[in-house]
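Participant: I'll drop the sequence and a predicted model, then ask my questions.
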Amino acid sequence: MVQVEPLEEGEQPQLATRTEGNTNEAFHPNLYQMAPERVPALHLNLPFILDDLKTETSQKQLSTARSIMKSVDQPFLPPLDKATHVEFLLSPLDEGLSGGFVGLDASRPWLLYWCINALSLLGKDVGIYNDRAVSSLKPLQHPSGGFGGGNGQAPHVAAAYASILTLAITSYYASIGLPEDERLAVYADSFAWIDRGKLLQWLRKIKLPNGGFKVNEGGEEDVRAGYCALVVLALLGYDDEDLRGDLSRGELPLLDGVAEYFKSCQTWEGGIGAKPNAEAHGGYAFCVLAALCLLGDPEEALSKTLDLNRLISWLSARQYAPEGGFSGRTNKLVDGCYSTWVGGCWSLVEAAANAIESGKKSTKMNVGDLWSRKALIRYILTCCQGPRGGLRDKPGIRPDYYHSNYVLLGLSAAQHYYYYDDVSVQSPVLTKSPFRHGYRWKSSKNVPKPTGHDGTGGGWLEGLVSEESDRVGVQHPLFNIPLGAEGQLQSWWEWFNDVGDVDALSSEN
Ligand SMILES: [Zn+2]
């Protein structure tokens, strides 16, 4: 059995002040110069085998690879320029968005989530935004349940997902270090106004008889909807009984057929499509893997439901050389946001393959690192940092808030090792939750190297972080919020279900 150390369960985020002021001083270029790492030849040359058939796609692939080879070829890996990225991400929160963003009026919760989560990854205390997050998201709750993307808009499951994630992050930060009653008051202000009964009724309306979900009433069916619905249910403290439904009212168990539906979305390539018979795609793959891991321990949930070998083969083909980054689909270009959608899959697949569970005897060997973390880190640091702040798809493309969040989240996946701990302490609420498995994840700064059946090998991967100031925060590998925020939210629901006297707590009353 492999021991991972040091454990960082529920690690409190580092409320860094180093992102304020002239933080370039915090970077120590000399250290980089002392320990330069040569760029591997794989990243400085075109692949040995190139497609003879010239198409628009193959030409684009070739020109992208050539341009990225130039960016990657640097004697010293550039530092993560946290200060300018923080500035980029604070601007919409502190100064507001320009008129050009009017087209994103239906994505208000997303804009909040992307900026706030990215700032938390960069070490900023985002608790100061909790009150504003609540006042921005409250009007999006629809009278018939669920959340719209903008004021007065019809409910959409992605809007509910991004809203709940945002509140989970800001309330977590806002309550750090507070005495118990004040911590509960923060959560009361952030969550007690959500009509969980109506939200559940609304989710029943978008559940399909085939086990899938639609994104909204009359909207499209895809696995994003299923993932978003499960995350919302998992974070809002519903239990088995809530989800079972009332048969006398014609309600069916909400999770019926969900895992089978996800299984039916695995394609001939081994990846996962938006729905049955659709093309395999990194974003949908992450949604399915994370949703399955909410329903069971990763080893069982993934290997029983999916053809894991074919999935690993397809995931491996997503990381390109010379680029080092991931593409989302076969014959597509690398793109920084797949650092999360594909990199996040690797965290879950490795946890499933290694089955590292403290307290449970495992005779399995450790498969170690199944993807090139160093290559992804190199791609992110050399190609995805906008010179004036923000993270981006690739060189030549402007940074945006979406890519900032998902590039940084992918960097977190590359810098940390996530594993499932079967013996985590369970709260009474969680023992009745079908999503209890989602609350047993831990992280380690140490990424294990493979061990053989005879116990040979092992040790830890080195050089993933040249300097600690390049490290980003630890995220929950299923929820994509800071690791620990999910547990704090769960303990609020425990109190709410037990005591529930919100009026005595809430600072609004
Ligand atoms: Zn992208």
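Facilitator: Done, it's in.

Participant: tell me the pLDDT at Pro482?
Facilitator: Among the per-residue scores, Pro482 shows a pLDDT of 98.

Participant: how near is it to Leu165?
Facilitator: When Cβ to Cβ, to the nearest Å is the yardstick, Pro482 and Leu165 sit 10 Å from each other. In this view, the C-beta of every residue, glycine as well, is placed from N, C-alpha and C.

Participant: shared neighbours, those two?
Facilitator: Common neighbours of Pro482 and Leu165, using Cβ atoms under 8 Å, 6 or more residues apart in numbering, are Asn117.

Participant: at which residues are the helices of the stretch 151-300 of the chain located?
Facilitator: Here the stretch 151-300 of the chain has its helices, by DSSP state H, counting those that start in this stretch, at 157-174, 180-191, 196-206, 223-235, 240-244, 258-263, 282-295, 298-305.

Participant: any idea which of those helices gets closest to Glu468?
Facilitator: Distance to Glu468, taken as Cβ to Cβ, is lowest for helix 157-174 among the helices of the stretch 151-300 of the chain, at 20.9 Å.

Participant: what's the closest one packed up against?
Facilitator: For helix 157-174, the packing partners by 3 or more Cβ pairs under 8 Å, 6 or more residues apart in numbering; DSSP states H and E come out as helix 108-121, helix 130-137, helix 180-191, helix 196-206, helix 223-235, helix 485-498.

Participant: make it 7 Å
Facilitator: Under the contact criterion of 3 or more Cβ pairs under 7 Å, 6 or more residues apart in numbering; DSSP states H and E, helix 157-174 touches helix 108-121, helix 130-137, helix 180-191, helix 223-235, helix 485-498.

Participant: how about the residue of the chain found nearest the ion, nearest residue that isn't a chain neighbour?
Facilitator: When distances are taken as Cβ to the ion, the chain reaches nearest to the ion at Cys337, 3.3 Å away. The shortest distance from Cys337 to any residue other than its chain neighbours is 4.1 Å, reached at Tyr406 (Cβ to Cβ, 6 or more residues apart in numbering).

Participant: how close does that neighbour sit to Gly283?
Facilitator: Using Cβ to Cβ, which is the criterion applied here, Tyr406 is 10 Å from Gly283.

Participant: which one's more surrounded, those two?
Facilitator: Tyr406 (26 against 22; other Cβ atoms under 10 Å).

Participant: ok, the more buried one - contacts?
Facilitator: Each residue near Tyr406 by Cβ atoms under 7 Å, 6 or more residues apart in numbering is listed here: Cys337, Ser339, Thr340.

Participant: alpha carbons only: can I get stretch 444-464 in CSV?
Facilitator: What follows is stretch 444-464 as a C-alpha-only set of coordinates in CSV (Å, rounded to 0.1, in the frame of the first residue of the first chain):
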residue,chain,number,x,y,z
SER,A,444,-1.1,15.8,-1.4
LYS,A,445,1.7,18.0,-2.7
ASN,A,446,3.6,14.8,-3.3
VAL,A,447,2.8,13.0,-6.6
PRO,A,448,3.8,9.3,-6.3
LYS,A,449,6.0,7.6,-8.9
PRO,A,450,5.0,4.1,-9.9
THR,A,451,5.7,1.0,-7.8
GLY,A,452,6.0,-2.5,-9.0
HIS,A,453,4.2,-5.6,-7.7
ASP,A,454,7.3,-6.4,-5.7
GLY,A,455,7.3,-3.0,-4.1
THR,A,456,10.2,-1.7,-6.2
GLY,A,457,10.2,1.8,-7.5
GLY,A,458,8.1,4.5,-5.7
GLY,A,459,9.2,7.8,-4.4
TRP,A,460,7.8,11.2,-5.5
LEU,A,461,7.9,13.2,-8.7
GLU,A,462,10.2,16.2,-8.4
GLY,A,463,10.3,19.5,-10.1
LEU,A,464,6.6,20.0,-10.6
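
Participant: please work out how many residues are found near the nearest residue in space to Trp193 that is not next to it in sequence.
Facilitator: The shortest distance from Trp193 to any residue that is not its chain neighbour, by Cβ to Cβ, 6+ apart, is 6.2 Å, and that residue is Lys138. By the criterion of other Cβ under 10 Å, Lys138 has 13 neighbours.

Participant: confidence score at Lys138?
Facilitator: According to the predicted model, the pLDDT of Lys138 comes to 98.

Participant: just the C-alphas of the helix or strand hosting Tyr402, formatted as CSV.
Facilitator: Of the helices and strands defined by DSSP states H and E, Tyr402 is found in helix 401-415. Extracted in CSV, the C-alpha atoms of helix 401-415 (Å, rounded to 0.1, in the frame of the first residue of the first chain):
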residue,chain,number,x,y,z
TYR,A,401,-12.3,34.8,-17.4
TYR,A,402,-13.4,31.3,-18.4
HIS,A,403,-9.9,30.3,-19.5
SER,A,404,-8.3,32.0,-16.5
ASN,A,405,-10.3,29.7,-14.2
TYR,A,406,-9.9,26.5,-16.1
VAL,A,407,-6.2,27.0,-17.0
LEU,A,408,-5.4,27.6,-13.3
LEU,A,409,-7.6,24.7,-12.2
GLY,A,410,-5.7,22.5,-14.6
LEU,A,411,-2.4,23.8,-13.2
SER,A,412,-3.7,22.8,-9.7
ALA,A,413,-4.4,19.3,-11.1
ALA,A,414,-0.8,19.1,-12.4
GLN,A,415,0.7,20.3,-9.2
